[in-house]
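J.: Provided below are the primary sequence and the corresponding predicted coordinates.
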Amino acid sequence: MVTEGNAVWSRWRPLGMGFALAALSYVSQHLFRNIAAQLQNTPRQRKEGGPGEMKKLEKFVRKGFEVTEHNFTSSFGKKRKDTSTACVVVFYGPNLEGELSLMTAHLGDTRAVLCRGGKAVQLTQDHKPDNDEERKRIEALPK
């Protein structure tokens, strides 16, 4: 996808859990489109490569995840137990110095890993209850 001179490339893979084929199928068909729609529907009010670019991109990706979840639960009902994980990796740029930026977003225990100098570098932290921060977030959810 190319937007106003800055290229955005992405590679993502949703994964279903158990019999979660409806969620897997829905996320596969809609997540990238929902993220792209956030980018396309927002007027550019900043300079190319400006410091706010990555924050805006993070906001658009988060909103794409939120829209996908909202639309799925609206279409299939909130009581469904279907779940999916997803991992999105976005290369953004180049900035004014010609550099690309990398942003990751994920949901669940799908992991993004970068190979640097022949070694694996974990880019995301799994959303699992054995992580104290994630456990607290889960426990704070409405029942």
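T.: All right, it came through fine. Numbering: from 1, shown residues only.

J.: can you tell me which residues contact the nearest residue to residue 128 once chain neighbours are set aside?
T.: Counting by Cβ to Cβ, 6 or more residues apart in numbering, residue 109 is the residue found nearest to residue 128 once chain neighbours are left out, at 5.4 Å. Glycine gets a C-beta too; all of them are placed from N, C-alpha and C. Contact analysis of residue 109 by Cβ atoms under 8 Å, 6 or more residues apart in numbering lists 85, 126-128.

J.: which of those residues tops the neighbour count?
T.: residue 85 (21 neighbours; other Cβ atoms under 10 Å).

J.: what is it paired to in the beta sheet?
T.: Per DSSP bridges, the residues bridged to residue 85 are residue 15.

J.: Was I right to think it contacts residue 105?
T.: No. If you go by Cβ atoms under 8 Å, residue 85 and residue 105 don't touch, sitting 11.6 Å apart.

J.: still on that earlier bit, wait, a helix at the residue nearest to residue 128?
T.: No. Residue 109: not assigned to a helix; according to DSSP: H, G, I helix; E, B strand; the rest coil it is coil.

J.: Check the gap between it and residue 40 for me.
T.: As defined by Cβ to Cβ, to the nearest Å, residue 109 lies at a distance of 30 Å from residue 40.

J.: swap in residue 101?
T.: 19 Å.

J.: Just say helix, strand or coil for residue 136.
T.: helix.

J.: If we ignore the residues flanking it in sequence, what's nearest residue 120?
T.: The shortest distance from residue 120 to any non-neighbouring residue, by Cβ to Cβ, 6+ apart, is to residue 113 (5.1 Å).

J.: helices or strands up against the longest helix belonging to the chain?
T.: Assignment by DSSP state H gives helix 53-76 as the longest helix of the chain. Packing partners of helix 53-76 (3 or more Cβ pairs under 8 Å, 6 or more residues apart in numbering; DSSP states H and E): helix 21-40, strand 84-93, strand 101-107.

J.: now with 6 Å?
T.: helix 21-40, strand 101-107 (3 or more Cβ pairs under 6 Å, 6 or more residues apart in numbering; DSSP states H and E).

J.: Right, I'll leave it there.
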